[in-house]
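K.L.:
Generate a structure from the sequence data that follows.
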Amino acid sequence: PALRSVCSTTNHKESKMTVFEKENFMGRQWELSDDYPSLQAMGWGNNEVGSMKVQCGAWVCYQYPGYRGYQYILESDHHGGDYKHWREWGSHAQTFQVQSIRRVQQ
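P.N.:
Numbers count the residues shown, from 1 in each chain. Next up, the predicted model:
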């Protein structure tokens, strides 16, 4: 079995994930540990995310800024926290647009 990082799920302050510009964890990457109502305003260059790794906790990703649009719940204990392609975000995933992200309050 693969070694997994152990994190306390009782404290959402320990939530951590990394977003990647392209599929399969390629391209520019950015580590998140806070809520972001607009990724672009925080310095992410475009409105698309190709893949994500959830190291700790659970996150809700939204299609539009301000926590609007399609919602995807990504958790560290699903897929081992690895979401290589936007189609893995959920059966209703229509697009790789992600423009706001927030932690799930445990």
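
K.L.:
what's across from Y64 in the sheet?
P.N.:
R68 (DSSP bridges).

K.L.:
OK, contacts around it?
P.N.:
By C-beta atoms under 8 Å, 6 or more residues apart in numbering, the contact list for Y64 reads 97, 99-100. All C-beta atoms are positioned from the backbone trio N, CA, C, and that covers glycine.

K.L.:
okay, the residues you listed in TSV with pLDDT next?
P.N.:
Below are those laid out as TSV (pLDDT from 0 to 100):
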residue	pLDDT
Q97	92
Q99	95
S100	97
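
K.L.:
Can you say which of those residues are buried?
P.N.:
For the contacts of Y64, a neighbour count by 16 or more other C-beta atoms under 10 Å gives the buried set as 97, 99-100.

K.L.:
Go through the residues you listed and flag which are in strands.
P.N.:
Using DSSP state E, the subset of the buried ones among the contacts of Y64 located in strands is S100.

K.L.:
Make JSON lines from the buried ones among the contacts of Y64 and add distance to G90 to it.
P.N.:
What follows is the buried ones among the contacts of Y64, written out as JSON lines (distance: C-beta to C-beta, whole Å):
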{"residue": "Q97", "distance to G90": "14"}
{"residue": "Q99", "distance to G90": "16"}
{"residue": "S100", "distance to G90": "16"}
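
K.L.:
Go through the buried ones among the contacts of Y64 and name the one nearest G81.
P.N.:
S100 (20.0 Å; C-beta to C-beta).

K.L.:
pretty sure that closest one is touching G66, no?
P.N.:
Yes. Using C-beta atoms under 8 Å, S100 makes contact with G66 at a distance of 6.2 Å.

K.L.:
returning to that earlier point: out of the buried ones among the contacts of Y64, flag the one nearest to D77.
P.N.:
Distances from D77 to those, taken by C-beta to C-beta, are shortest for S100, at 22.9 Å.
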